[in-house]
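Engineer: Provide a 3D model corresponding to the input given below.
(one chain, ligands or ions: 1)
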Amino acid sequence: MFKLAFIGGSIDSIAGYPHFIASQMDKRFEVIGGVFSTDAKINEQTAKEWRIPKVYNDYKELLKDKKSFDALVILTPTPHHYEVLTEALIQKIPVICEKPLVNSLQATQELRKLLHKDTFLVVTNNYSGYPMVRELQQKIKNKELGDILSIRLKMPQESFLRPPKSVKYPQKWRLKDDFIPMISLDLGSHLHHLSFFLLGEEPTEVMAQYSHFSKYGVVDDVNMLLKYSSGMSGNLWLSKTALGNRNGLHIEVYGTKASASWHQETPEQLEFSYSSGQKVIIDRGSDVEMIANPLYNRMTPGHPAGFIESFANLYNDIAHALENFFNKKPYLNNYVYGFEHARNGIKLLHAATLSHEEKQWRDVDA
Ligand SMILES: NC(=O)c1ccc[n+]([C@@H]2O[C@H](COP(=O)([O-])OP(=O)(O)OC[C@H]3O[C@@H](n4cnc5c(N)ncnc54)[C@H](O)[C@@H]3O)[C@@H](O)[C@H]2O)c1
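Structural biologist: Presented below is the predicted three-dimensional model:
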């Protein structure tokens, strides 16, 4: 079992518990310690509640104890990632970081200087852990949809008009926009990942429109049009002011032979519409393309694979990646993404802001 140490992710946080559970579901990881919160009481309470033996006062103290764990998990607010990442990478500590990796293009440039063959850095893009999303990737690869014409991804949420009651939301750090607005870092990073995961291609140009509709005075609704060098077009919509949507992640892929549609809130079902006019819905109980993997069937079909399970799939992949890393083999693969991929996402989001400001198409690579 790999030993993990957490920075952030307390019982009071949003991301902490899913990581704690998902990392341990298949007994590949054990959380041996952490500094879970800036609040000393919550920090202690988290370790106690989750029966974690070691609790540190701050992350510098934790990093000094690096011999006691195999990898560090960064779960602090996005603007704080860079500081910890820098320290950890300098000390050659393997890192598993929440998305988005950092919050600016400049930060990716600085971070890149710290990467070398002895660094392990992966980002938890958890939505591609869903079995049906992985199945869709496989079907696109097999050309079952024909040539892909366009992709539409949306992640509408209502949280700025109707915050969830279960957590303190929005947190202060989510109400400050830098050059790349927080909503793009929060939600756009997921859509960038999914578009690449499915298409295997990065967009070359973006046209964006930012809006703010809520009382918070930050960008809370973003539309992006994308162009791809292969001729495909893309359309991304992120919103925190879309009433009726708790977390309405939705994927549509249109090809010459068929289209596909998947909703995160009904993750078991993947719908295809063929050029014959036929519509087909498949689930884990159907004849699927993916190599049989017991991870996708912890529970029999009809029992929805949830958000936390998709995290667990990713954690298993990260365990393989760490194994490869420690055996001096390449560790990034189809399911585990690291720096380059994250940097491409930041580049797109950066160009989107330029496009929004200039009201014109921008090259992502410029
Ligand atoms: N993959 C997903 O679906 C998903 C979902 C939610 C959040 N996230 C990501 O997870 C990260 C955290 O988001 P969140 O919503 O859980 O934030 P949060 O504000 O709810 O929790 C952050 C936690 O980090 C702690 N913290 C802050 N600074 C710290 C420090 N210096 N040392 C130790 N602990 C510190 C806070 O006390 C808090 O417990 C963000 O990068 C966010 O983008 C990802």
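
Engineer: backbone dihedrals for the nearest residue to residue 14 once chain neighbours are set aside, please?
Structural biologist: Spatial nearest neighbour of residue 14, chain neighbours left out: residue 167 (5.7 Å); criterion: Cβ to Cβ, 6 or more residues apart in numbering. For glycine as for every other residue, the C-beta is placed from the backbone atoms N, C-alpha and C. When read as degrees, to the nearest 10, the backbone of residue 167 gives phi -140, psi 160.

Engineer: okay, now residue 167: neighbour count?
Structural biologist: Residues near residue 167, counting by other Cβ atoms under 10 Å, number 12.

Engineer: longest strand in this protein, by residue count?
Structural biologist: In the chain, with assignment by DSSP state E, the single longest strand is strand 148-156.

Engineer: give the residue spans of the chain that score low on pLDDT.
Structural biologist: Along the chain, the parts satisfying pLDDT under 70 run over 291, 298-307.

Engineer: write out the residues of it neighbouring the ligand.
Structural biologist: When proximity is defined as Cβ under 6 Å from any ligand atom, the chain approaches the ligand at 7-10, 12-15, 35-39, 59, 75-78, 80, 98-99, 124, 126, 171, 186.

Engineer: ok, 5 Å please
Structural biologist: Residues of the chain lying near the ligand by Cβ under 5 Å from any ligand atom: 8, 10, 13-15, 35, 37-38, 76, 78, 98, 126, 171.

Engineer: which strands and helices lie in contact with the longest strand of the chain?
Structural biologist: The contact analysis (3 or more Cβ pairs under 8 Å, 6 or more residues apart in numbering; DSSP states H and E) places strand 148-156 against helix 189-199, strand 233-239, strand 250-255.

Engineer: ranking those by burial, who's on top?
Structural biologist: helix 189-199 (a mean of 24; mean count of other Cβ atoms under 10 Å).

Engineer: and that one with strand 233-239, angle?
Structural biologist: With axes from the mean of the first three to the mean of the last three Cα atoms, to 10 degrees applied, the angle from helix 189-199 to strand 233-239 works out at 150 degrees.

Engineer: export helix 189-199 to PDB, keeping only CA atoms.
Structural biologist: Extracted in PDB, the C-alpha atoms of helix 189-199 (Å, rounded to 0.1, in the frame of the first residue of the first chain):
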ATOM      1  CA  SER A 189     -10.400  22.700 -16.100                       C
ATOM      2  CA  HIS A 190     -12.800  19.800 -15.900                       C
ATOM      3  CA  LEU A 191     -14.300  20.500 -19.400                       C
ATOM      4  CA  HIS A 192     -10.900  21.000 -20.900                       C
ATOM      5  CA  HIS A 193      -9.800  17.600 -19.500                       C
ATOM      6  CA  LEU A 194     -12.900  15.800 -20.800                       C
ATOM      7  CA  SER A 195     -12.700  17.300 -24.200                       C
ATOM      8  CA  PHE A 196      -9.100  16.100 -24.600                       C
ATOM      9  CA  PHE A 197      -9.800  12.800 -22.900                       C
ATOM     10  CA  LEU A 198     -12.500  12.100 -25.500                       C
ATOM     11  CA  LEU A 199     -11.100  13.600 -28.600                       C
END
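
Engineer: next secondary structure after that helix?
Structural biologist: Moving toward the C-terminus from helix 189-199, the next helix or strand (DSSP states H and E) is strand 205-211.

Engineer: and that following strand, what does it pack against?
Structural biologist: Short answer (3+ Cβ pairs under 8 Å, 6+ apart): strand 205-211 packs on strand 221-227, helix 339-358, strand 362-363.

Engineer: hang on, residue 262 packs against residue 251?
Structural biologist: Yes. With contacts counted by Cβ atoms under 8 Å, residue 262 reaches residue 251, the gap being 4.6 Å.

Engineer: name the residues contacting each of those two.
Structural biologist: Residues touching both residue 262 and residue 251 by Cβ atoms under 8 Å, 6 or more residues apart in numbering: 133, 136.
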